[in-house]
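# Build me a model:
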Amino acid sequence: MSEARVRPERFDAFRDMIVSAVREFPDQNPGLVDHEVLLAPPHSLLYVSRWRGEEDLVRYAGENWREQPVVLPGEDEYLLEPLRVRHFEQDSLS
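Numbering: from 1, shown residues only. Sure thing, here's the model as predicted:
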């Protein structure tokens, strides 16, 4: 999951840019199982992705995937602060 803290006046443009950029990710990254964009205007946008395994995530994000978020070209101009990245593992509810 990566969280973007967005300049309020740029929120709609940033949302459009992100949605357009990630729309084709499943076709480009076979290990990407599912992804979604979650909005909390006027400041926060989350990009949540679920991967088949760590190897697939490394192929997409690189060896430093745990600490370094993937930043799209031009993304910084929309942000109030650098992207934050967090990783979770799924646990059973039973």
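
# hey, let's count contacts and neighbours off CA atoms from now on
Noted.

# Can you report phi and psi for the closest residue to residue 70 other than its chain neighbours?
Using CA to CA, 6 or more residues apart in numbering and skipping the chain neighbours, the partner closest in space to residue 70 is residue 61 (6.1 Å). Main-chain torsions, residue 61, degrees, to the nearest 10: phi -100, psi -10.

# what's around residue 61, how many residues?
Neighbour count for residue 61, taken as other CA atoms under 10 Å: 15.

# ditto for residue 57
Residue 57, neighbours per other CA under 10 Å, totals 19.

# Not counting the longest helix along the chain itself, show me its contacts.
Longest helix of the chain, by residue count under DSSP state H: helix 11-22. Residues outside helix 11-22 that contact it (CA atoms under 8 Å, 6 or more residues apart in numbering): 6, 37, 41, 42, 43, 45, 75, 78.

# how about the nearest residue to the second one, chain neighbours excluded?
Okay, so that is residue 37. Using CA to CA, 6+ apart, the nearest residue to residue 37 is residue 47, at 4.7 Å.

# Looks like the one you found contacts residue 2 (just checking).
Yes: counting by CA atoms under 8 Å, residue 2 is a contact partner of residue 47 at 5.3 Å.

# who touches residue 56 in this structure?
Going by CA under 8 Å, 6+ apart, residue 56 touches 29, 30, 31, 32.

# hang on, the residue nearest to residue 70 packs against residue 67?
No: using CA under 8 Å, residue 61 makes no contact with residue 67, being 10.3 Å away.

# List the residues that contact the residue sitting nearest the centre point of the chain.
Per CA atoms, centre = their mean, the C-alpha nearest to the average position across the chain is that of residue 47, at 3.4 Å. Each residue near residue 47 by CA under 8 Å, 6+ apart is listed here: 1, 2, 3, 35, 36, 37, 38.
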